[in-house]
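Enquirer: Show me the folded form of this:
(one chain, ligands or ions: 2)
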Amino acid sequence: MKKEVYNLPDAKLIFYPNFIEAEEASRIFMDLKNGIPWQHDQIKVFGKTYDQPRLTALFADNEKSYSYSNITMQPHPFEGELQTIKEKVEKLAELKFTTCLLNLYRNGQDSNGWHADDEKELGEFPQIASVSFGATRKFKMRRKDNHKEKFDLELTHGSLLLMLGKTQAFWEHQIPKTKKAINKRINLTFRIIE
Ligand SMILES: O=C(O)CCC(=O)C(=O)O
Ligand SMILES: [Fe+2]
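Expert: Ligands and ions are numbered 1, 2, ... in the order given. Down below sits the predicted model:
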């Protein structure tokens, strides 16, 4: 399988552009779009309430909730397609995940602002696996202590990105808005919450 390794200072990224072949990825995209109980939460930032600029859902093989930006999400149990993808990711990543946060970006105005997946419940050095379906979106990274140090990647249909090592401790990432007329995108981020 095609594999790209990016060794950034204090971050290790591994990208598999063809993790799931295109036809299979399209079938999964439709299944997830129609089958997942998508929720639209409100987030609180500096005391103000906003609609989150995307839809989300949480799945886990335990009962552990996941909290960020003042929301606490309760998980649904893994099953079917998601369970199959989880196992495929685990085999390649050589990691076991407990939890998956799903994001549905409805169009180019949906986004995910600068953050690191560094919540306490993810442990000291969170290892994250991110699978993308549908529209290609730009994934931007910047160092927490020097915003001029940057890295960009296009997250394509059927791709897998592993964010390993100390990535979450030293770097932030985002999916910026785009003015381009683009289609929906679904992203799955597998995490470990023990
Ligand atoms: O949509 C993506 O590729 C990134 C999602 C993400 O960063 C997150 O859910 O924490
Ligand atoms: Fe993230």
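
Enquirer: Surely V89 is in a helix?
Expert: Yes: per DSSP: H, G, I helix; E, B strand; the rest coil, V89 lies within a helix segment.

Enquirer: Sticking with the closest residue to it other than its chain neighbours, tell me its helix or strand.
Expert: In space, and not counting its chain neighbours, V89 is closest to A129: 4.9 Å by CB to CB, 6 or more residues apart in numbering. Every residue, glycine included, has its C-beta placed from N, CA and C. Counting by DSSP states H and E, the element that carries A129 is strand 128-134.

Enquirer: CA-only coordinates of that strand in CSV, if you can.
Expert: Output in CSV follows, covering the C-alpha atoms of strand 128-134 (Å, rounded to 0.1, in the frame of the first residue of the first chain):
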residue,chain,number,x,y,z
ILE,A,128,-4.9,9.4,16.4
ALA,A,129,-6.0,7.7,13.1
SER,A,130,-8.1,9.7,10.7
VAL,A,131,-10.0,8.3,7.7
SER,A,132,-11.6,10.5,5.1
PHE,A,133,-14.5,10.0,2.6
GLY,A,134,-16.0,12.3,0.0
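
Enquirer: which strands and helices sit next to it?
Expert: Secondary-structure packing of strand 128-134 (3 or more CB pairs under 8 Å, 6 or more residues apart in numbering; DSSP states H and E): helix 22-35, helix 80-93, strand 160-164, strand 185-191.
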